[in-house]
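A.B. asks: kindly generate the corresponding structure for this input.
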Amino acid sequence: LRLVESGGGLVQPGGSLRLSCTASGFTLGYSAIGWFRQAPGKEREGVSCVSPSGGTKDYADSVKDRFYIDRDDAHNTIYLEMNKLKPEDSGVYYCAADAVPDHYCSRTGAGEYEHWGQGTQVTVSS
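C.D. replies: Next comes the predicted model:
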């Protein structure tokens with residue numbers, strides 16, 4: 001069972017990136033997915049989550065109306081579209097998965113997630 005994040009990189013302020021989280025060894029369709037990030041010297045922060053059904057999504061206030069989470073269950077992949085990026089968005093981004101009821105996801109409950117990826121670095125700098 002494995003989650004792999006990709007799509008990170010260096011981008012200028014105001015730019016965009018799309019992160020991908022792809023699963024192997026299990027089907028993401030039954031799992032809630034959370035995106036978390038951690039900057040050096042800071043605590044891990046819940047960025048966004050989506051329920052197994054896709055009907056429930058949650059975003060941190062700091063990323064609302066800039067970040068969007070989407071499921072592509074046909075490709076066993078979850079995306080995090082990040083727009084209007086700011087330097088404070090920099091950090092290592094992790095996706096996590098957990099089998100939960102169809103309409104549930106937890107953005108802040110990192111301890112609820114069973115499977116984690118290795119992370120992808122996002123750096124927003126001019």
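
A.B. asks: residue nearest the middle of this protein, spatially speaking?
C.D. replies: Centroid check for the chain by C-alpha atoms, centre = their mean gives Trp35 as the closest residue, at 2.5 Å.

A.B. asks: okay, now the sheet partners of the helix or strand harbouring it, with direction.
C.D. replies: Counting by DSSP states H and E, the element that carries Trp35 is strand 31-38. Partner strands for strand 31-38, per DSSP bridges, with pairing direction: strand 45-50 (antiparallel), strand 91-99 (antiparallel).

A.B. asks: what's the local residue count around Pro52?
C.D. replies: Burial of Pro52, expressed as a neighbour count using other C-beta atoms under 10 Å, amounts to 23. To be clear about C-beta, it is placed using only N, CA and C from the backbone, and glycine gets the same treatment.

A.B. asks: quick one: classify it as helix, strand or coil.
C.D. replies: Using DSSP: H, G, I helix; E, B strand; the rest coil, the secondary structure recorded for Pro52 is coil.

A.B. asks: pLDDT score for the closest residue to it other than its chain neighbours?
C.D. replies: In space, Pro52 comes closest to Asp102 once its chain neighbours are excluded; the distance is 5.0 Å by C-beta to C-beta, 6 or more residues apart in numbering. Model confidence at Asp102, given as pLDDT, is 87.
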